[in-house]
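*Asks:* sequence and computational prediction follow.
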Amino acid sequence: MALETKHNQLGGTLEAEGEPEGLDEKIHGRHPLDDLLRTERLPHIWCPGCGLGTSLTCFLSALRKSELDLEKTAVVSGIGCTGRVAGYVKLDSFHTTHGRAIPFATGLKLGNPELNVIVFSGDGDLVTIGGNHFIHAARRNVDLTVICINNFNYGMTGGQAGATTPVGGITTTSPYGNYEYPFNVSGLAVSSGAVYVARWTVLHARRLERAMVEALLKPGFSLVEVISPCPTGFGRRHKQREGLDTLRYYREHGVIDHDADLREAEIGLGSSFVEGNFVNIDKPTFLEQRAEWLAQSLE
Amino acid sequence: MSKQNQNGVLSGEFFMQGDIACAEGAICAGCRFFGGYPITPATEVAQRMSERLPLVDGSLRGPGAPRGPGMYVQMEDELASIGAVLGASWAGCKAMTATSGPGFSLMMENLGLGIMLETPCVLVNVQRGGPSTGLPTLVGQGDMMQARWGSHGDYSIIALAPVSPQELFDLTMHAFNLSEIYRTPVLVMTDAEVGHMTEKVVIPPAEEIEIVERRKPTVGPDEYLPYHVEPGEWVPPMAVAGDGYHIHVTGLTHDERGYPATSDDSAQWPLVTRLIGKIEENKDDIIMLEKDRIDDAEVVVVSYGMAARTSLWPIQMARDEGIRVGLLRLVTVWPFPDEEIRALAAQVDRIVVPEINMGQIAREVERCAAGQAEVIRVSHPGGGIHDPQQVLRTIRGAARSGV
């Protein structure tokens, strides 16, 4: 590849030592999704047992199945472990500031309505620091697909509590147990106006992938909340030493209920939680509303 | 006298408020996206854009972007306003937001992202008295240093300071061109007095307006490096979303490919020095100054924006009294005209700096004068313009003490 050659000619001075420089195809072979990845940036930075690998695989598979024009598809991330997704996908991809992925994505979509715009970021980024943008984009029904990886803590900074941490959750900033009430992300989205809301754990990879396809094809603000293990930051403080322990937990506690009342879809420690394809309604998007109102008013 | 062109852009003579002239300047420059949030005294810019953008042809949105009317979107706060503006620029639009002190503070982080990603866009600050909520309806110039250093880290910035509604029109238009040439956010640092002043504004016919479009890559996606510049150049060509280049951009320190390079300082060096260099090394092309009766001057007033306008009468009065006083008006405040001030300090005995803050730009003038000329501040904390008599007294005092 031309970039690689150029880079190698410069003797590696372009990029700092220690940054991943791509997998050796002779050793690792080709993966069917490699076309959608910046393979020269692999291996990724995520910990063993993290759910982000599965989430990204589901997303790329969904992207392919959606048959969207990938030349007109952009991914926007904020900051955090999930925020690194934008750096791995071989699409127009934007790694922005903490909490502000949705405003940036809103500008992209409204600036060029031909683009398919996906926001791929974490719970801390999207509903804690960026919570205001999340509810307002849902309210406007901007045509965005938001994939929110919810692992109940701030992983990249070392496992701190956030607005999704369940009551009682032990984190590095809630060492005696979290006593704040958390957000229920799916409930927040639907109450703010989202037209598509689904929640799946990474254990339910096929269902997750199908939900992502639906979300990608849905006009308007769609949310896929992905419940995902973070063994390093969260799991190991909750008797889930490895990612696999968390997947077992999901199998034991996840209850599929597509018709669940999202007002009661909270996620507690050690209690069962609902997942499913909760909401799928039709409502004019921001751009459709705008076009209709302007046409009427400027008649 | 006035007319509206086929594409909805105005031309002709108008009796126009500064904030409105700002919006019209943006539209003339090709701005087709405005992300805003209401704040006094900048609200009129958003109001005008919300009314006008749906009426103008979006064909100037940029190559590759679809036609259609311009886009106004009212965001939930100023963090989101500038976020949307950056996104729109990466969608190929010329984009702008307008705010005042509190909103300007909120925009600082994403201003840094705009600088780091090298995103053309325009940010207007109709300054009011501060700090904090301060004096929402009254004039101030207290954000001049925030304009220079407000976002974290090292960078350079371009900031313009209009003196009238006409210049608010002209400089907003020019700000778009500068932002496209240098691929950077450009600040229009006006103030409540100029923004709310209504005067004659002449909008030239479209064919007389020079509009600069961003430079697109000439190589294909396989060869394109988003942050590669050829030797002797400072600004990389820009592919945007949907152009087929599969670009990746990040606010992390990045290499020529746009990929994060955060393990040591090897990418930081070329990146930060280029972000600064592309502005500082092109100062001669960027800096605009207005000079009046400087050649024979013993005292020179250095000022900008509304404070420079308030200085016109005292300068004339002092001239009438036989005092050899001139004016150096900073049309461009950042980058700062170090060389010109240094030369001025070698020529005159005293430099008088009226500004509607407690001496922000005066300190820059002192730095450049480096003791060669005495710098006399005429500070005002905001909430009103200078009493012209006070400026006149200062000029008289400066001239006398020189004898």
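*Replies:* On my side now, so go ahead. Residues are numbered from 1 along each chain as shown, chains lettered A, B, ... in the order given.

*Asks:* residues in the stretch 51-200 of chain B within reach of chain A, list them.
*Replies:* For the stretch 51-200 of chain B, the residues in contact with chain A (CB under 8 Å from any CB of the partner chain) are B:54-55, B:61, B:64-66, B:68-69, B:71, B:73, B:75-77, B:79-93, B:95, B:109-110, B:113. From N, CA and C alone the C-beta is placed, and that goes for glycine too.

*Asks:* separate out the buried members of those residues.
*Replies:* Among those, those scoring as buried are B:54, B:61, B:64-65, B:68-69, B:71, B:73, B:75-77, B:79-93, B:95, B:109-110, B:113 (criterion: 16 or more other CB atoms under 10 Å in any protein chain shown).

*Asks:* so where do the helices sit in chain B?
*Replies:* For chain B, helices defined by DSSP state H occupy the ranges B:18-29, B:43-52, B:78-90, B:101-117, B:144-149, B:165-182, B:192-195, B:268-280, B:283-286, B:305-310, B:312-320, B:338-347, B:360-369, B:388-402.

*Asks:* and the stretch 1-150 of chain A, by the same measure?
*Replies:* A:2-9, A:25-28, A:52-66, A:85-88, A:101-111, A:123, A:131-140 (DSSP state H, counting those that start in this stretch).

*Asks:* which residue packs closest to the closest residue to chain B within chain A, ignoring adjacent ones?
*Replies:* Proximity of chain A to chain B (CB to the nearest CB) peaks at residue A:107, 2.5 Å away. Spatial nearest neighbour of residue A:107, excluding adjacent residues (CB to CB, 6 or more residues apart in numbering or on different chains): residue B:87 at 2.5 Å.

*Asks:* the one you found reaches residue A:103, doesn't it?
*Replies:* Yes. The criterion here is CB atoms under 8 Å, and residue B:87 meets it with residue A:103 at 6.9 Å.

*Asks:* quick one: residues contacting the residue nearest to residue A:113 when sequence neighbours are not counted.
*Replies:* Closest residue in space to residue A:113, ignoring its immediate chain neighbours: residue A:287 at 5.6 Å, by CB to CB, 6+ apart. Each residue near residue A:287 by CB atoms under 8 Å, 6 or more residues apart in numbering or on different chains is listed here: A:110, A:113, A:143.

*Asks:* tally of neighbours for the closest residue to residue B:344 other than its chain neighbours?
*Replies:* Spatial nearest neighbour of residue B:344, excluding adjacent residues (CB to CB, 6+ apart): residue B:300 at 5.8 Å. Applying other CB atoms under 10 Å in any protein chain shown, we find 30 residues neighbouring residue B:300.

*Asks:* any figure for the gap between residue B:300 and residue B:326?
*Replies:* Separation of residue B:300 from residue B:326 (CB to CB, to the nearest Å) stands at 5 Å.

*Asks:* shared neighbours of these two, anything?
*Replies:* Overlap of the contact sets of residue B:300 and residue B:326 (by CB under 8 Å, 6+ apart) consists of residue B:294.

*Asks:* how is chain B divided into domains?
*Replies:* Chain B breaks down into these domains under automatic domain parsing: B:3-208, B:289-402.

*Asks:* for the residue in chain B that chain A sits nearest to, give me its contacts.
*Replies:* In chain B, the residue found nearest to chain A is residue B:87; the distance is 2.5 Å by CB to the nearest CB. By CB under 8 Å, 6+ apart, residue B:87 lies in contact with A:76, A:94, A:103-109, A:111.

*Asks:* PyMOL command for the buried members of these?
*Replies:* Remark: buried members of these, expressed as a PyMOL selection using 16+ other CB under 10 Å:
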select buried, chain A and resi 76+94+103+104+105+106+107+108+109+111
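
*Asks:* can I get the contacts of residue B:87 in JSON lines including pLDDT?
*Replies:* Output for these, formatted as JSON lines (pLDDT from 0 to 100):
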{"residue": "A:76", "pLDDT": "98"}
{"residue": "A:94", "pLDDT": "98"}
{"residue": "A:103", "pLDDT": "98"}
{"residue": "A:104", "pLDDT": "98"}
{"residue": "A:105", "pLDDT": "98"}
{"residue": "A:106", "pLDDT": "98"}
{"residue": "A:107", "pLDDT": "98"}
{"residue": "A:108", "pLDDT": "97"}
{"residue": "A:109", "pLDDT": "97"}
{"residue": "A:111", "pLDDT": "94"}
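
*Asks:* which stretches of chain A have low pLDDT?
*Replies:* Scanning chain A for pLDDT under 70 picks out A:1-21.

*Asks:* in chain A, which spans are strands?
*Replies:* Along chain A, the stretches classed as strands by DSSP state E are A:73-77, A:92-95, A:116-122, A:145-150, A:196-201, A:222-227, A:254-256, A:273-280.

*Asks:* nearest to residue B:370, of the ones you listed?
*Replies:* Residue B:370 lies closest to strand A:92-95 among the strands of chain A, at 42.5 Å (CB to CB).

*Asks:* sheet-wise, list the partners of the closest one with their directions.
*Replies:* Take DSSP bridges as the rule and strand A:92-95 pairs in its sheet with strand A:73-77 (parallel), strand B:248-250 (parallel).

*Asks:* pick the most deeply packed of those.
*Replies:* Comparing these by mean neighbour count (mean count of other CB atoms under 10 Å in any protein chain shown), strand A:73-77 ranks first with a mean of 28.

*Asks:* with only the CA atoms kept, save that strand in CSV.
*Replies:* Provided in CSV are the C-alpha atoms of strand A:73-77 (Å, rounded to 0.1, in the frame of the first residue of the first chain):
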residue,chain,number,x,y,z
THR,A,73,-20.6,7.1,5.2
ALA,A,74,-18.8,8.8,8.1
VAL,A,75,-18.1,7.7,11.7
VAL,A,76,-17.7,10.2,14.4
SER,A,77,-16.4,9.3,17.9
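
*Asks:* what's the angle between that strand and helix A:52-66?
*Replies:* Interaxial angle of strand A:73-77 relative to helix A:52-66 (axes from the mean of the first three to the mean of the last three CA atoms, to 10 degrees): 160 degrees.

*Asks:* residues from the stretch 201-350 of chain B in reach of chain A?
*Replies:* Residues of the stretch 201-350 of chain B lying close to chain A (CB under 8 Å from any CB) are B:222-223, B:225, B:240-252, B:255-257, B:259-264, B:266-267.
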